[in-house]
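Participant: could you work out the structure for the sequence below:
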Amino acid sequence: MNLNKYINDVRTLPGDGIRAWRAGGWVALKSELRKRTVGRLGGYVRRFVIETDLLQLAETGLPPEVDVRPFTGPDWTLLGDMGRSRTSRQFAEASAAGRICLIAWKRRQAVGYAWFSPAIEAQHESYNLKLPSDAIYVWQVEVTQMERHRGVAAALVSRGLELCREQGYRRSWIIIRPDNFDSIGTIASIAPSRVLGTVARLKVLSWMRSWYHALSAPVPIEISLTR
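Facilitator: Numbers count the residues shown, from 1 in each chain. Predicted structure coming up:
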């Protein structure tokens, strides 16, 4: 067993916990604690796989004083409280591998980011799921607590999907918790979206397996049902 990662978890928890609290409140802090405890031990999770039609993207304006631009680093500490101890290394590797990052800036401060990937890879997502050749994967989206429910997430995802459409992608996939109604509503407000199926993952320490179950008929998402 590699004890270094557990030692690093303990060493970095105070700083990461404070940044998580400032960026996302209690929910973000619980997520950081979970990654270092239950997340290390493993467990079972089940998520929706949602597909969005990039040929029917709605026009989404930017919130006041917010600008969205691609970012490739190298100084990932510019993410401020949204950054964690592992962020710089993980995001640098993701950018080098061809993943696209967009950052929302407000008064020169980062208030949100979104990542887009041409593949779903176990090393980043902890899922083994083949992505269609004409689909882009929405990897991560985060917005600071003070800027949530102000259109920042929608602006980030919309702008990112526009760029991906320009590169020839026709649809996007995203993996979301069934109870994450805000994120489901955001993606559905950008373009027609539907639930394709579910992906499940079972993890015990370093052992992991995932499997995908496609619905016999995809279910369109009605925005009114996500609110």
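Participant: CA only for contacts and neighbour counts going forward, please
Facilitator: Will do.
Participant: which residues in this protein form helices?
Facilitator: Taking DSSP state H as the criterion, the chain contains helices spanning 4-36, 38-41, 87-96, 122-125, 152-166, 181-190.
Participant: where does the protein have its least confident helix or strand?
Facilitator: Across the helices and strands of the chain, mean pLDDT, DSSP states H and E gives its lowest value to helix 38-41, namely a mean of 72.
Participant: test my guess that Phe71 contacts Arg99.
Facilitator: No - Phe71 is not in contact with Arg99 according to C-alpha atoms under 8 Å; the separation is 10.5 Å.
Participant: looking at those two, which one has more neighbours?
Facilitator: When Phe71 and Arg99 are compared for neighbours, Arg99 comes out ahead with 20 against 16, by other C-alpha atoms under 10 Å.
Participant: how about that one: what's its closest non-neighbour residue?
Facilitator: Ser117 (4.7 Å; C-alpha to C-alpha, 6 or more residues apart in numbering).
Participant: what about that neighbour, distance to Val138?
Facilitator: From Ser117 across to Val138, the span is 6 Å (C-alpha to C-alpha, to the nearest Å).
Participant: next one: Val204
Facilitator: Relative to Val138, and taking C-alpha to C-alpha, Val204 is found at 26 Å.
Participant: more neighbours: the two, which one.
Facilitator: Counting neighbours by other C-alpha under 10 Å for Val204 and for Val138 shows that Val138 has the greater number, 22 against 13.
Participant: what sits against the more buried one?
Facilitator: 114-117, 157, 172-175 (C-alpha atoms under 8 Å, 6 or more residues apart in numbering).
Participant: can you check the pLDDT for it?
Facilitator: Note on Val138: pLDDT of 96.
Participant: could you give the bridge partners of it?
Facilitator: Phe116 (DSSP bridges).
Participant: now it: how far from Arg150?
Facilitator: Distance of Val138 to Arg150, given as C-alpha to C-alpha: 20 Å.
Participant: that older thread, which one, of the helices of the chain, ends up nearest to Leu78?
Facilitator: The closest of the helices of the chain to Leu78 is helix 87-96. By C-alpha to C-alpha, the value is 9.9 Å.
Participant: for Trp115, which non-adjacent residue is spatially closest?
Facilitator: That would be Cys101: by C-alpha to C-alpha, 6+ apart, it lies 4.5 Å from Trp115.
Participant: burial count for the one you found?
Facilitator: By other C-alpha under 10 Å, the residues close to Cys101 number 23.
Participant: cool, and Gly112?
Facilitator: Count around Gly112 with other C-alpha under 10 Å applied: 26.
Participant: ok, Leu55 - contacts?
Facilitator: Applying C-alpha under 8 Å, 6+ apart as the definition, the contact partners of Leu55 turn out to be 165, 170-171.
Participant: ok, Arg107 touching Pro64?
Facilitator: No - with contact defined as C-alpha under 8 Å, Arg107 and Pro64 do not form a contacting pair (10.5 Å).
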